[in-house]
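Peer 1: Need a 3D model of the sequence below.
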Amino acid sequence: MKILFPRCSRLFYCFLIIGAFLLQSFTSFLLAYAQDVSSNRQLTAEQLLQNRRSIKNHLHNLGTPDKPVSYKCGFAISAALHNQWNNFSSLQKKEINALIAVPEFQKSRAIGKFRFLYDTTGLNEPALLDGNYNRIPGTYEEYIDSLGRIFNEVYHVEVELLNYEAPPFEQGESHYRVFVTDMSSYPGAYGCTDWDYNLPPLNSDGAAPRYPCFIELHKDFSEYQTKGMDAVRVTAAHEFHHVVQIGSYGFRDGEIPIHEITSTWMEDVVYPEVNDYLNYLKDYFEYFSNGLSFNYCDFSHLGYERCIWAHFLEKRFDRDIIREMWNEMRTLTFLSSADAVLSNRGSDLRTEFSEFTRWNYYTADRADLINYYPEGDRYPRFQPLKQCKFISISGTAGGDVFALSSSYYEFIFAADTVTAMVSNVDVNAAIQKNGMTRRVDVVCSSNIPSLPYQEFDNGLTAKIFVEDTSLWRSVYSEGILRDSIPGPVRFAVSLNAAPNPFRLADSKQLRLPIQDNTASTATVYFYSSSLSLVFSKSLPVSIAGANRIIEVQSSDLVSYLSSGIYFVVAKTKKNEFRWKVAVIR
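Peer 2: So this is what the prediction gives:
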């Protein structure tokens with residue numbers, strides 16, 4: 001039996017079930033909504049079923065009166081219900097099927113590769129909107145015509161132009177089914193992608209399970225942030241990409257954010273003029289600025305707000321890199337696949353996440369539309385985790401942050417401000433969803449600390465203090481406060497030297513990645529642990545993948561270096577970069 005959408009309650013049903021995972025009673029469920037979709041705290045199957053029976057007589061929306069839960073896409077809800085399906089008994093499944101089954105739609109039309117099921121009268125009747133976003137009576141067929149044109153256009157772009165693998169049809173179908181219903185009772189929900197929970201996956205090869213999907217779409221989009229046909233366009237691009245993900249590459253259990261990151265990004269790829277994704281960025285720039293893991297997920301932060309990660313990768317590399325990650329996600333987790341693909345591109349996840357942290361500084365009034373986000377002037381500012389007013393010879397700002405996180409620390413002076421952009425790059429802990437925090441302290445001082453540190457034009461230095469420096473990256477910006485005197489922003493960053501340790505007998509060169517888009521040459525200095533200069537040379541800066549690289553040949557060093565720890569400094573015209581390298585002869 002196919003599980004179809006009920007006319008008004010299916011999304012709520014799914015939301016209620018997953019919310020129940022975290023709640024101890026139906027009363028508390030009225031007062032709070034789920035905070036973590038990966039929580040292991042669950043009610044019994046019978047308790048979940050009882051909550052479903054309560055829908056008719058109780059709730060119409062989750063959350064509280066002053067803070068209702070709002071969600072763009074019902075995919076996460078469908079995914080959670082699917083995850084719990086095997087926890088129900090056969091009798092319970094039968095009852096659930098009866099509860100969520102619906103009558104046939106009044107009409108069905110096939111247009112191109114899609115079949116649209118809809119009503120011509122009643123609550124679910126679709127309609128076009130006039131210039132004031134009011135429904136135009138009797139335009140249900142014109143609305144379906146528009147859906148047909150848009151969905152086939154989406155297929156053309158996503159499958160035929162971007163080369164994503166065409167998803168399979170449902171069993172017995174020769175078109176992708178789209179149900180048109182009234183979804184206005186569920187705040188913010190534009191559409192939903194789902195599949196039949198009674199059927200096994202298409203594959204049994206141990207890779208991520210694949211399922212043929214169908215889509216539910218709103219009947220007119222008259223009450224949304226983006227309205228009318230523009231809402232139809234981005235919803236079609238978003239939901240069909242879920243169909244592609246689940247049908248062609250696999251359902252990533254417990255990794256809802258990557259599904260939503262890529263679907264929300266795809267909206268802007270197919271329809272760049274709409275920009276609905278801008279509505280969700282505030283949740284990232286404000287909420288994740290407190291040191292939250294990039295891998296975090298709750299019902300208010302399902303991944304739409306992190307779509308800028310895909311925008312970042314597209315600008316740094318190209319659009320194909322997202323598809324390459326989905327190819328890897330057949331067998332790897334989201335973060336593992338990202339690291340694998342980036343390694344093939346000459347980089348790695350640690351490097352790119354640090355760069356992503358830096359890019360998020362150049363938004364709003366600091367936007368650079370050429371070198372960073374093309375629409376960055378429409379993004380919010382990434383908020384500092386801590387601010388410190390510098391009134392003595394030293395100031396400290398710090399925080400307790402999670403694995404794979406970004407956090408900013410601002411030092412405010414009379415005329416200047418220094419911002420430390422700190423990335424925790426503990427990828428393994430993020431993959432394991434380790435919930436422990438890590439302490440980082442940034443010290444800005446008029447004294448010169450031990451290496452490595454950042455030195456600024458105003459004579460101050462900055463240095464981060466952490467337990468394991470290999471799991472952290474820091475970028476510093478120094479600029480005149482824009483509130484008073486306009487001026488440029490300068491930065492310097494040191495990424496990983498490789499290989500490290502550097503074995504002179506085995507490695508042909510030491511690679512020093514830098515972030516300086518204009519540098520063509522750099523002078524490299526090697527200092528011993530006692531800070532004695534033992535080698536220096538002017539070297540060319542080359543482009544390797546997304547990075548600029550300085551290559552120091554082993555043959556140049558073998559006569560100067562013995563085994564030990566060396567401080568390596570590279571100076572370009574604009575910036576200075578430092579590394580700590582272990583050398584083994």
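Peer 1: packing partners for the strand or helix carrying residue 192?
Peer 2: Assigned by DSSP states H and E, residue 192 belongs to strand 191-194. Other helices and strands packing on strand 191-194, by 3 or more Cβ pairs under 8 Å, 6 or more residues apart in numbering; DSSP states H and E, are helix 75-84, strand 214-218, helix 228-244. Where you see a C-beta, it was placed from the backbone N, CA and C, and this is true even at glycine.
Peer 1: Let me see the mean pLDDT of it.
Peer 2: The pLDDT scores in strand 191-194 average 88.
Peer 1: Relative to the whole chain's centre, how far out is that strand?
Peer 2: Once both centres are worked out by Cα atoms, centre = their mean, to the nearest Å, strand 191-194 turns out to sit 20 Å from its chain's centre.
Peer 1: circling back: in terms of mean pLDDT, which of the helices and strands packed on strand 191-194 ranks lowest?
Peer 2: Lowest mean pLDDT within these: helix 75-84, a mean of 57.
Peer 1: What about residue 329, how many residues nearby?
Peer 2: When neighbours are counted by other Cβ atoms under 10 Å, residue 329 registers 25.
Peer 1: for residue 272, that is, sorry about that
Peer 2: If you count neighbours by other Cβ under 10 Å, residue 272 ends up with 10.
Peer 1: Please apply the same query to residue 517.
Peer 2: 10.
Peer 1: thought it was touching residue 543?
Peer 2: No - using Cβ atoms under 8 Å as the test, residue 517 is too far from residue 543 to be in contact (9.8 Å).
Peer 1: Can you show me the helices along the stretch 201-350 of the chain?
Peer 2: Ranges of helices in the stretch 201-350 of the chain, per DSSP state H, counting those that start in this stretch, are 228-244, 256-270, 281-282, 308-316, 320-328, 334-344, 349-359.
Peer 1: So which residue is dead centre in this protein?
Peer 2: residue 306 (3.4 Å; Cα atoms, centre = their mean).
Peer 1: just checking, it touches residue 257?
Peer 2: Yes - between residue 306 and residue 257 a contact is recorded at 6.1 Å, counting by Cβ under 8 Å.
Peer 1: Quick check: can you list the domain ranges of the protein?
Peer 2: Here the domain assignment for the chain is 10-274, 317-347, 364-493, 502-584, based on automatic domain parsing.
Peer 1: Including distance to residue 353, could the ones you listed go into TSV?
Peer 2: Formatted as TSV, these follow (distance: least, Cβ to Cβ, whole Å):
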stretch	distance to residue 353
domain 10-274	14
domain 317-347	9
domain 364-493	6
domain 502-584	13
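Peer 1: Of those domains, which is nearest residue 285?
Peer 2: domain 364-493 (4.1 Å; Cβ to Cβ).
Peer 1: measure residue 424 to residue 159 for me?
Peer 2: For residue 424, the distance to residue 159 equals 37 Å [Cβ to Cβ, to the nearest Å].
Peer 1: Between these two, tell me which one has more neighbours.
Peer 2: Using other Cβ under 10 Å as the criterion, residue 424 and residue 159 rank with residue 424 on top: 29 against 17.
Peer 1: bridging residues for the more buried one?
Peer 2: With DSSP bridges applied, residue 424 shows beta-bridge pairing to residue 405, residue 472.
Peer 1: List the contacts of it.
Peer 2: Counting by Cβ atoms under 8 Å, 6 or more residues apart in numbering, residue 424 touches 291, 401, 402, 403, 404, 405, 407, 438, 440, 471, 472.
Peer 1: Residue 164: which of those residues is nearest?
Peer 2: Set against residue 164, the nearest of those by Cβ to Cβ is residue 404 (26.4 Å).
Peer 1: State the distance from that closest one to residue 425.
Peer 2: Here residue 404 is placed at a distance of 7 Å from residue 425 (Cβ to Cβ).
Peer 1: Kindly report the same for residue 342.
Peer 2: Using Cβ to Cβ, residue 342 is found at 12 Å from residue 425.
Peer 1: Run a quick neighbour tally on the residue lying closest to residue 306 once chain neighbours are set aside.
Peer 2: Sequence neighbours aside, residue 261 is the residue nearest to residue 306 in space, at 5.1 Å (criterion: Cβ to Cβ, 6 or more residues apart in numbering). By the criterion of other Cβ under 10 Å, residue 261 has 24 neighbours.
Peer 1: Residue 261 against residue 307, yeah?
Peer 2: Yes - taking contacts as Cβ under 8 Å, residue 261 lies within contact range of residue 307: 5.2 Å.
Peer 1: returning to that earlier point: if I look at residue 404 and residue 425, which residues touch both of them?
Peer 2: With contacts defined as Cβ under 8 Å, 6+ apart, the residues adjacent to both residue 404 and residue 425 are residue 353.
Peer 1: between the two, which one's more packed in?
Peer 2: Between residue 404 and residue 425, residue 404 has the larger neighbour count (other Cβ under 10 Å), namely 25 against 22.
Peer 1: OK, contacts around that one?
Peer 2: Counting by Cβ under 8 Å, 6+ apart, residue 404 makes contact with 293, 294, 295, 335, 353, 424, 425, 426, 427, 429, 430.
Peer 1: want to throw the residues you listed into a markdown table with distance to residue 215 and pLDDT?
Peer 2: Listed next are those as a markdown table, based on distance: Cβ to Cβ, whole Å; pLDDT from 0 to 100:
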| residue | distance to residue 215 | pLDDT |
| --- | --- | --- |
| 293 | 31 | 95 |
| 294 | 28 | 95 |
| 295 | 27 | 91 |
| 335 | 28 | 96 |
| 353 | 33 | 96 |
| 424 | 38 | 96 |
| 425 | 37 | 96 |
| 426 | 38 | 96 |
| 427 | 34 | 96 |
| 429 | 36 | 95 |
| 430 | 31 | 95 |
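Peer 1: Most neighbours among those, which one?
Peer 2: residue 424 (29 neighbours).
Peer 1: where's that one relative to residue 432, distance?
Peer 2: To residue 432, residue 424 is 14 Å away according to Cβ to Cβ.
Peer 1: now residue 284
Peer 2: Taken as Cβ to Cβ, the span from residue 284 to residue 432 is 22 Å.
Peer 1: higher neighbour count, those two?
Peer 2: Set residue 284 next to residue 432 and count neighbours by other Cβ under 10 Å: residue 284 wins out with 24 against 13.
Peer 1: What residues does that one make contact with?
Peer 2: If you count contacts by Cβ under 8 Å, 6+ apart, residue 284 has them with 301, 305, 306, 308.
Peer 1: let's go with 7 Å and repeat that
Peer 2: Residue 284 sits next to 305, 306, 308 when contact means Cβ atoms under 7 Å, 6 or more residues apart in numbering.
Peer 1: how close does the residue lying closest to residue 281 once chain neighbours are set aside sit to residue 531?
Peer 2: Spatial nearest neighbour of residue 281, chain neighbours left out: residue 379 (5.5 Å); criterion: Cβ to Cβ, 6+ apart. Distance, residue 379 to residue 531, using Cβ to Cβ: 42 Å.
Peer 1: Settle it for me: which of the two has more neighbours?
Peer 2: Remark: of residue 379 and residue 531, residue 379 carries more neighbours, 22 against 9, as counted by other Cβ under 10 Å.
Peer 1: re the thing from before, does the residue nearest to residue 306 really touch residue 303, like I thought?
Peer 2: Yes - taking contacts as Cβ atoms under 7 Å, residue 261 lies within contact range of residue 303: 4.7 Å.
Peer 1: partner residues bridging residue 218?
Peer 2: On the basis of DSSP bridges, residue 218 is bridged to residue 181.
Peer 1: hang on, it packs against residue 179?
Peer 2: No - here residue 218 does not reach residue 179: they are 10.4 Å apart, not a contact under Cβ under 7 Å.
Peer 1: Against residue 540, how distant is the closest residue to residue 221 other than its chain neighbours?
Peer 2: Leaving out its chain neighbours, the residue that sits closest to residue 221 by Cβ to Cβ, 6+ apart is residue 231, at 3.7 Å. Using Cβ to Cβ, residue 231 is found at 51 Å from residue 540.
Peer 1: Between those two, which has more neighbouring residues?
Peer 2: Neighbour comparison, residue 231 and residue 540: the larger count goes to residue 231, with 23 against 11 (by other Cβ under 10 Å).
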